[in-house]
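> only geometry, no sequence info:
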């Protein structure tokens, strides 16, 4: 999918599913942020630190969102939204509040 299509999926789930980690079925960790990081690393493997940068009370995973858009499914977007991850199309980047 494209970045625009991925953004549409993120927006589709934000109102009703954001931070609803209890709804994730097959947890890779009992911690929402760790689960999100593991899933992101499975989708777009890398060798650099998971957190690319941070500002105030937000941090930004180093995941290449263009590569992520090529492989992510709707179900995986939903899972990441439930973990509290957001997609900032203005940057474009993933973001999460601390």
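Structure received. Because the structure is predicted, anything quoted here is derived from the model rather than measured. Numbers count the residues shown, from 1 in each chain.

> tell me which residues of the longest helix seen in the chain come out buried.
In the chain, ranked by residue count with DSSP state H as the criterion, the top helix is helix 3-17. Across helix 3-17, burial judged by 16 or more other CB atoms under 10 Å covers 6, 7, 9, 10, 13, 17. (Each C-beta comes from the backbone N, C-alpha and C, glycine too.)

> from these, which is closest to residue 65?
Minimum distance to residue 65 across these is 7.4 Å, recorded for residue 6 (CB to CB).

> my guess is residue 87 contacts residue 69. True?
No. With contacts counted by CB atoms under 8 Å, residue 87 stays clear of residue 69, the gap being 9.5 Å.

> looking at the two, which is more packed in?
residue 87 (24 against 20; other CB atoms under 10 Å).

> quick check, pLDDT for the residue nearest to that one when sequence neighbours are not counted.
The shortest distance from residue 87 to any non-neighbouring residue, by CB to CB, 6 or more residues apart in numbering, is to residue 10 (4.1 Å). Residue 10 carries a pLDDT score of 97 in this model.

> show me the helices in this structure, by range?
According to DSSP H, the helices that the chain contains are 3-17, 32-43, 65-71, 74-82.
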